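# predicted model and sequence follow; I will ask about them next.
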Amino acid sequence: MQTINVVVLAAGKGTRMYSALPKVLHKLAGRSLLQHVLDTAAQLGNTTTQIVIGHGAEQVQESVGTQKVNFVLQDKQLGTAHAVHQALPHLDQQAMALVLYGDVPLVQSSTLEKLVNAADQNSMAVLTCTVANPAGLGRIVRDDKGDICAIVEDKDATAAQKAIREINTGMMAIPVQRLQQWLPRIKTNNAQGEYYLTDIVELALADGCRVNTSVCEDELEVAGINNRLQLAELERHYQQREAKKLLLAGVTLRDPDRFDLRGKLTVGQDVEIDINVILTGEVTLGSNVRIGANCELKNCQVGNGTIIAANSVIEEAVIGKDCSIGPFARIRPGTEMADEARVGNFVEIKKSKIGRHSKVNHLSYIGDSELGVDVNIGAGTITCNYDGVNKFKTVLGDNVFIGSNTALVAPVTVASGATVGAGSVITRDVAEKQLAIARGRQSNFDGWVRPHKVTKQEPKQS
């Protein structure tokens, strides 16, 4: 397999985004535009990656984190050829250079593979696409034989050339040795006074090097983003594409136009997803899982047969089989629910283990806790796990019953089979099968008169 030196151009400001954030860091489906390009390039196999940065260089570098890439600074943005020239010293002379753009996020690895395969040490390849509206884009000019003979930028095109609908996507595969010969020869004699990478085509032909084209059929796959409208359009295109894949894989989406995947989804059979569901990060759904409307799931695993009712949020949690969650439940990071556990409406669970068959059905907060099997938590129960500095653990054994409106002040253990009466504040451990009641004694007073407002009298008229 030949070595591919990927060069990603990511130095532009993105003026039409009207944002302090560099354009390539705006997000589509939960990832930056640049990250989409890097992830796709990584699928090609034997690659090294150079990222040409300029505007917001430090922000761009920070966004990439620990990924194995090299950054090349373009102090002044003098055109695409100038940008590639900055990366030239870092390229392997025996490799194939693949030029990509940090604001073209949806190009597929299969498309790039075809582009690279269309070039060799004696030829280069240009990725083209026929579009409905080519305004503002470079046109592919072909000779009588149908071979490419030039790429003309929109501002330099004649009226006849502007009628051409086959456009240059900007993405090219060029032997590095040839790139070293051609880049220094590019001039700025054009309408924008810039160094155009597209001028390489004429230089290649003049040197007897063949210029091949690889055609992409989907114009949105190779569309660049210059403003928020285009970002929104590509977001929806991406989501429709992912929804189609899921539908064809057997997932029921109640409305594919109201579905958002912002990461990776793995599913079993007969999964049903209602409207306005957002899936972020890595989400795994077992067979026969049902997700109600307006739910958000992030980095979580959901076992077979589990039902998640509307308006629930699950984040970085592991949910067992045949569980019931929601509506309006919040499952926070670190939570593990065993099979057949239930969490009901307006319940928040944080960093806790909920045992098999255990139920937290109404209006409760369970944090830093461990619940055994068949535990019943009454409505309005809270675990008081934080003293303002440290977090403490609450442990409830098997078959524990907690009455409504109870506060469990951690650290505390309620052993198996114990019962806590409603309205209690439990500050000490409860032994097995004990009944614990901790509340003030009720007093009733006969003849008590409820206070009433005193009406102000108007002053008498003299």
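Cool, the structure landed.
# skipping adjacent residues, who's closest to Ser312 in space?
The shortest distance from Ser312 to any non-neighbouring residue, by CB to CB, 6 or more residues apart in numbering, is to Gly326 (3.6 Å). (Glycine included, C-beta is placed from N, CA and C.)
# give the other helices and strands that the biggest helix by length in the chain contacts.
Counting by DSSP state H, the longest helix found in the chain is helix 228-248. Other elements packing on helix 228-248 under the criterion 3 or more CB pairs under 8 Å, 6 or more residues apart in numbering; DSSP states H and E are strand 27-28, strand 252-253, strand 259-267.
# any chance of these in JSON lines, with mean neighbour count, distance to Leu285 and mean pLDDT too?
JSON lines is the format used below for the helices and strands packed on helix 228-248 (neighbours: other CB atoms under 10 Å; distance: least, CB to CB, whole Å; pLDDT from 0 to 100):
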{"stretch": "strand 27-28", "mean neighbour count": "18", "distance to Leu285": "23", "mean pLDDT": "98"}
{"stretch": "strand 252-253", "mean neighbour count": "15", "distance to Leu285": "12", "mean pLDDT": "98"}
{"stretch": "strand 259-267", "mean neighbour count": "18", "distance to Leu285": "5", "mean pLDDT": "97"}
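# follow-up on the earlier one: how about the residue nearest to Ser312, what does it touch?
Listed by CB atoms under 8 Å, 6 or more residues apart in numbering, the contact set of Gly326 reads Gly292, Cys295, Ile308, Ala309, Ala310, Asn311, Ser312, Val343, Gly344, Asn345.
# for Val425, see how far away the closest residue to the fourth one other than its chain neighbours is.
Here the nearest residue to Ala309 in space, its sequence neighbours aside, is Gly326; by CB to CB, 6+ apart that works out to 3.4 Å. Gly326 sits 28 Å away from Val425 when distances are taken as CB to CB, to the nearest Å.
# mind listing the helices in the stretch 151-300 of the chain by residue range?
Chain-ordered helices for the stretch 151-300 of the chain, with DSSP state H, counting those that start in this stretch as the definition, fall at 159-162, 176-182, 200-206, 228-248.
# give me the residues contacting the third one.
Contact with helix 200-206 is made by 81, 124, 126, 148-151, 172, 174, 178-179, 182-183, 185-186, 210-211, as judged by CB under 8 Å, 6+ apart.
# mind redoing it with 6 Å?
Outside of helix 200-206, the residues within contact range by CB atoms under 6 Å, 6 or more residues apart in numbering are Met124, Ala150, Ile151, Trp182, Arg185, Val211.
# same deal with the second one?
Helix 176-182 is contacted from outside by Leu91, Gln93, Ala95, Ala97, Ile200, Leu203, using CB under 6 Å, 6+ apart.
# in PyMOL, select just the buried ones from these.
Below is the selection syntax for PyMOL that covers the buried ones among the contacts of helix 176-182, with 16 or more other CB atoms under 10 Å defining burial:
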select buried, resi 91+95+97+200+203
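# export the contacts of helix 176-182 to JSON lines and append columns for distance to Gly388.
Formatted as JSON lines, the contacts of helix 176-182 follow (distance: CB to CB, whole Å):
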{"residue": "Leu91", "distance to Gly388": "57"}
{"residue": "Gln93", "distance to Gly388": "63"}
{"residue": "Ala95", "distance to Gly388": "59"}
{"residue": "Ala97", "distance to Gly388": "58"}
{"residue": "Ile200", "distance to Gly388": "65"}
{"residue": "Leu203", "distance to Gly388": "70"}
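# columns pLDDT on top of the contacts of helix 176-182, output as TSV?
Compiled in TSV, the contacts of helix 176-182 are given as follows (pLDDT from 0 to 100):
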residue	pLDDT
Leu91	97
Gln93	92
Ala95	96
Ala97	97
Ile200	94
Leu203	95
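# now, the most widely separated pair of the contacts of helix 176-182?
Of all pairs drawn from these, the widest gap by CB to CB lies between Ala95 and Leu203 and measures 19.5 Å.
# how many residues are close by Ile325?
Applying other CB atoms under 10 Å, we find 28 other residues in the vicinity of Ile325.
# just checking, it touches Thr306?
No. Counting by CB atoms under 6 Å, Ile325 stays clear of Thr306, with 7.1 Å between them.
# ok, the closest residue to Val425 other than its chain neighbours - contacts?
By the measure of CB to CB, 6+ apart, the closest residue to Val425 outside its immediate chain neighbours is Ala407, 4.7 Å from it. Residues touching Ala407, when contacts are defined by CB under 6 Å, 6+ apart, comprise Ile382, Cys384, Val425.
# which regions of the stretch 1-150 of the chain lie under the pLDDT threshold?
For the stretch 1-150 of the chain, applying pLDDT under 70 flags the ranges 1.
# for it, which segments are assigned as helices?
For the stretch 1-150 of the chain, helices defined by DSSP H, counting those that start in this stretch occupy the ranges 33-42, 57-64, 80-87, 109-117.
# kindly reformat those as a markdown table containing distance to Asn299 and mean neighbour count.
Formatted as a markdown table, the helices of the stretch 1-150 of the chain follow (distance: least, CB to CB, whole Å; neighbours: other CB atoms under 10 Å):
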| stretch | distance to Asn299 | mean neighbour count |
| --- | --- | --- |
| helix 33-42 | 17 | 21 |
| helix 57-64 | 19 | 16 |
| helix 80-87 | 35 | 23 |
| helix 109-117 | 24 | 18 |
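# of all those helices, which one comes closest to Glu272?
Comparing the helices of the stretch 1-150 of the chain by their distance to Glu272 (CB to CB), the top pick is helix 33-42, with 28.6 Å.
# pick the one among the contacts of helix 200-206 closest to Asp446.
Ile151 (97.2 Å).
# Ser364 versus that closest one, what's the distance?
Between Ile151 and Ser364 the distance, using CB to CB, works out to 65 Å.
# before we move on, what about Leu220?
The spacing between Leu220 and Ser364, counted by CB to CB, is 47 Å.
# and what of Ile382?
Taking CB to CB as the measure, Ile382 falls 7 Å from Ser364.
# more crowded one of those two?
Ser364 (23 against 18).
# what pLDDT does the residue nearest to the more buried one when sequence neighbours are not counted get?
On the basis of CB to CB, 6+ apart, the spatially nearest residue to Ser364 that is not a chain neighbour turns out to be Thr381, at 4.5 Å. Turning to Thr381, the model gives it a pLDDT of 98.
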